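Asker: Kindly return the folded structure for what I paste below:
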Amino acid sequence: MFDQFVRDFWNETYDHFAETDKRLAELASAQEKTDEQIKALTLSQARTDKQIRHLLERNCKPKVTKTKPAAKKASKKGGAR
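Answerer: Sure thing, here's the model as predicted:
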């Protein structure tokens, strides 16, 4: 009777651990796929940031315009006394 209990217990726990191992393997596979997706998103975000930085640098530079020298004001000689 005790031997039968031990065998049943061992079979139940063995099945439980086998199922747990199977689920852990599936989880590891899913985690690997998720890691690849995160790496791809990170790379894509870095490229997007670089493009935005480039556009901002190109479009936000102050425009350099040539200014005409200011005309001299005519001075009054011998002003009012």
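
Asker: In which helix or strand does the residue nearest the centre of the chain reside?
Answerer: Centroid-nearest residue in the chain, with CA atoms, centre = their mean: residue 42, separated by 4.3 Å. Following DSSP states H and E, one finds residue 42 within helix 2-59.

Asker: what about residue 10, how many neighbours?
Answerer: Applying other CB atoms under 10 Å, we find 10 residues neighbouring residue 10. Quick note: C-beta positions are derived from backbone N, CA and C, even for glycine.

Asker: Could you do residue 40 as well?
Answerer: Residues near residue 40, counting by other CB under 10 Å: 10.

Asker: ok, now residue 9?
Answerer: 10.

Asker: Residue 36 too?
Answerer: 10.

Asker: ditto for the one 10 residues further on
Answerer: Burial of residue 46 is recorded as 10 neighbouring residues (other CB under 10 Å).

Asker: Same question for the one 5 residues further on.
Answerer: By other CB under 10 Å, 10 other residues sit near residue 51.

Asker: Renumber starting at 152 from here on
Answerer: All right, first residue 152 from here; so that's residue 202.

Asker: From the chain's centroid, how far away is stretch 163-174?
Answerer: 38 Å (CA atoms, centre = their mean, to the nearest Å).

Asker: All set now, cheers.
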